[in-house]
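Trainee: sharing a sequence plus its predicted fold:
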Amino acid sequence: MKKDLLGIADLTPAEITLVLDTAEAMREIGQRPIKKVPTLRGKTVVNLFYEASTRTRTSFEIAEKRLSADTLNIAVAASSVLKGETLVDTALNIEAMAPDMIVMRHGSSGACHLLAQVCKSRIINAGDGMHEHPTQALLDAFTIREHKQRIEGLKVAIVGDLLHSRVLRSNVLLLTALGADVWVSGPSTLIPAGIDRYGVRVTTSVDEAVDGADVIMMLRIQQERLRGAFLPSLREYFELFGMTTARVARARPDVIIMHPGPMNRGVEIASEVADGPYSVILEQVANGVAVRMAVLYLLAGGQDGD
Ligand code: CP
């Protein structure tokens, strides 16, 4: 019933569950010999990425193609943005060509909200600054539900650079809405002020956060956004906050280890953990296609094409 997907903050628990349930059906399409349905035939989707992306852009494009949409990727580095065109002017010019949806990633928080106000096209937030990354949180929840059959009551430890992370914000909103016991941990310089108001438990002790955890979600140290002395050194960060086999052993025996990517191996996560038996990191990537298919389908009205 909504025009856009701008953030998890706009979704009710029932709407989140609807996306996850729809993604179950969409995943089946990806397991067929011919991975294509006519659901979005005749619809045009523009992927407008102002920031680098491997997983999100690729999985949106695969999702759009599986639903038979006409897709178009705007390479910002080769567009008139370089000549000084504003975001709104770029969007209005794209919209003049009548796309149905625009999937946008932008370095500024709130950029997708601005676009949603000026565009008739449906806007999907593929990550805006340090604000939200809703489809990442949805695919994370889908992956957790797949392994644990529930989200309510699970202890989820989210560890890393909390301050700069849109993935943290979207996951905290989603996981608390569905009743998880969310712990967040990182150096005090990288903990956002007031995060406890979102119903999470905050600790600078990673060991406390992961004790008995059902899920450990690691966040990337965002070196490109660290303007200032947030950390003494990356080596010390790994010693104090990195996810090692010894730390994983404090969690439940059936813990799953998650990371949205891209990973800094040897900084926030040891390679033996990233590639180890508890890691579901590549499953998250695979599930991203089904979840993005579900989002596109539901925003298009939830009706199958001819
Ligand atoms: N998780 C995520 O957003 O990855 P990308 O930056 O590669 O899209």
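Mentor: Received it, and whenever you're ready, just let me know what you need. Numbering: from 1, shown residues only.
Trainee: just how off-centre is the top helix by length along the chain within its chain?
Mentor: The longest helix of the chain (DSSP state H) is helix 281-299. Counting by CA atoms, centre = their mean, to the nearest Å, helix 281-299 is centred 10 Å from the centre of its parent chain.
Trainee: what's the answer for stretch 205-219, then?
Mentor: 19 Å.
Trainee: ok, stretch 252-265 next?
Mentor: 14 Å.
Trainee: got the buried residues for it?
Mentor: The neighbour-count check on stretch 252-265 (16 or more other CB atoms under 10 Å) flags 252, 255-261, 264 as buried. For every residue, glycine as well, the C-beta is placed using N, CA and C.
Trainee: of all the residues you listed, which comes closest to the ligand?
Mentor: Nearest to the ligand among these is Pro260, at 3.8 Å by CB to the nearest ligand atom.
Trainee: number of residues surrounding Val206?
Mentor: Using other CB atoms under 10 Å, Val206 is surrounded by 23 other residues.
Trainee: could I get the pLDDT score of it?
Mentor: Val206 carries a pLDDT value of 97.
Trainee: try Thr71
Mentor: Thr71 is assigned 97 on the pLDDT scale.
Trainee: check Leu82 too.
Mentor: 81.
Trainee: for the ligand, see how far away it is.
Mentor: Distance from Leu82 to the ligand, counting by CB to the nearest ligand atom, to the nearest Å: 21 Å.
Trainee: phi, psi of that residue?
Mentor: Main-chain dihedrals, Leu82, degrees, to the nearest 10: phi -70, psi -20.
Trainee: do stretch 223-242 and the ligand meet at all?
Mentor: No: using CB under 6 Å from any ligand atom, stretch 223-242 never reaches the ligand; the gap is at least 11.4 Å.
Trainee: pLDDT wise, what is Gly266 at?
Mentor: Note on Gly266: pLDDT of 95.
Trainee: that one and Phe238 touch, don't they?
Mentor: Yes: contact criterion CB atoms under 8 Å: Gly266 and Phe238 qualify, at 6.2 Å.
Trainee: dump stretch 159-166 to PDB, keeping only the CA atoms.
Mentor: Extracted C-alpha coordinates of stretch 159-166, given in PDB (Å, rounded to 0.1, in the frame of the first residue of the first chain):
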ATOM      1  CA  VAL A 159      29.400  -5.500  16.800                       C
ATOM      2  CA  GLY A 160      31.600  -2.900  15.100                       C
ATOM      3  CA  ASP A 161      31.400   0.600  13.800                       C
ATOM      4  CA  LEU A 162      28.000   1.500  15.000                       C
ATOM      5  CA  LEU A 163      28.300   5.200  14.500                       C
ATOM      6  CA  HIS A 164      28.600   5.300  10.700                       C
ATOM      7  CA  SER A 165      26.400   2.200   9.900                       C
ATOM      8  CA  ARG A 166      23.100   2.500   8.100                       C
END
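Trainee: give me the contacts around it.
Mentor: Stretch 159-166 is touched from outside by 109, 127-133, 136, 168, 184-186, 189-192, 195, 206, 209-210, 216-222, 225-226, 230, 241, 243, 268, with contacts defined as CB atoms under 8 Å, 6 or more residues apart in numbering.
Trainee: and stretch 7-16, by the same measure?
Mentor: Residues outside stretch 7-16 that contact it (CB under 8 Å, 6+ apart) are 2, 19, 125, 131-132, 134, 137-138, 141, 170, 173-174, 177-178.
Trainee: which residues of the stretch 201-306 of the chain fall in helices?
Mentor: For the stretch 201-306 of the chain, the helices defined by DSSP state H, counting those that start in this stretch occupy 206-210, 234-241, 245-248, 271-274, 281-299.
Trainee: distance between the second one and the chain's centre?
Mentor: If I follow you right, that is helix 234-241. Centroid separation between helix 234-241 and its chain, computed with CA atoms, centre = their mean, is 25 Å.
Trainee: buried residues in that helix?
Mentor: Those would be 237-238, 241, for helix 234-241 by 16+ other CB under 10 Å.
Trainee: same check, this time on the fourth one
Mentor: For helix 271-274, the neighbour count (16+ other CB under 10 Å) marks 273-274 as buried.
Trainee: how close does Lys43 get to the ligand?
Mentor: Per CB to the nearest ligand atom, Lys43 is found 22 Å from the ligand.
Trainee: just to check, that residue is in contact with Lys65?
Mentor: No: with contact defined as CB under 8 Å, Lys43 and Lys65 do not form a contacting pair (11.9 Å).
Trainee: who's more crowded, the two?
Mentor: With neighbours defined as other CB under 10 Å, Lys43 and Lys65 compare such that Lys43 has more, 20 against 17.
Trainee: from Phe142, how far off is the more buried one?
Mentor: 23 Å (CB to CB, to the nearest Å).
Trainee: can you check Leu299 too?
Mentor: Using CB to CB, Leu299 is found at 17 Å from Phe142.
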